[in-house]
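S.K.: Fold the following and give me the result.
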Amino acid sequence: MIKGKRVIAVIPARAGSKSIPNKNVREIAGKPLISWSIKIAQASKYIDRVIVSTDGEIIGKIAQKNGAEVIDRPESLAGDNSLVIDSIRDIIKKIRVAGENAEYMLLLEPTSPLRTVEDVDGVIELISSGKYDSVATFRDAELNPHRAWKIENG
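M.R.: Next comes the predicted model:
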């Protein structure tokens, strides 16, 4: 909670990765990939609830074992061409029906395991300042430019 407002972390983790099969449960430095995002969210001084959205039974079990809540992702939102935003909308509907009134939601993708709790808390502090309607983190990328976003003219 920050300034009296609840904060939720959402970790989307679908089971059907084609490029790296089972990537969200593969071990990185001794822990399943999904665990890194869960642990960072839990270490935040502001996050009140950690939710993993998944269509994968194994991912769900690992998430629960690591202390996260699991919300089942419908098969229609777990395909190769599914958009994360559609999964977020699904989560919002489900948690609102259950009475959740969080003001802020963080998207913590499991494929960014090197983020720090300082990164997470800094983003929450920025958004709660009231100066922004959204905040994202970036770093210089060393990958094919066709797979990267580019900022032009500010």
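
S.K.: where does this structure dip in pLDDT?
M.R.: 141, 143, 145, 148 (pLDDT under 70).

S.K.: At which residues are the strands of it located?
M.R.: Remark: strands assigned in the chain by DSSP state E are 7-12, 27-28, 31-32, 49-54, 69-72, 104-107.

S.K.: and of those strands, who's closest to Asp133?
M.R.: strand 104-107 (11.1 Å; Cβ to Cβ). All C-beta spots, glycine's among them, are computed from the backbone N, C-alpha and C.

S.K.: which other helices and strands contact the closest one?
M.R.: Contacts defined by 3 or more Cβ pairs under 8 Å, 6 or more residues apart in numbering; DSSP states H and E place strand 104-107 against strand 7-12, helix 84-97, helix 117-128.

S.K.: out of the strands of the chain, nearest to Leu83?
M.R.: Here strand 7-12 is closest among those (Cβ to Cβ), at 10.1 Å.

S.K.: Direction included, what does that closest one pair up with?
M.R.: Strands adjacent to strand 7-12 in the sheet, as given by DSSP bridges, are strand 49-54 (parallel), strand 104-107 (parallel).

S.K.: Can you lay out those as TSV showing distance to Arg139 and mean neighbour count?
M.R.: As requested, those are exported to TSV (distance: least, Cβ to Cβ, whole Å; neighbours: other Cβ atoms under 10 Å):
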stretch	distance to Arg139	mean neighbour count
strand 49-54	23	24
strand 104-107	16	18
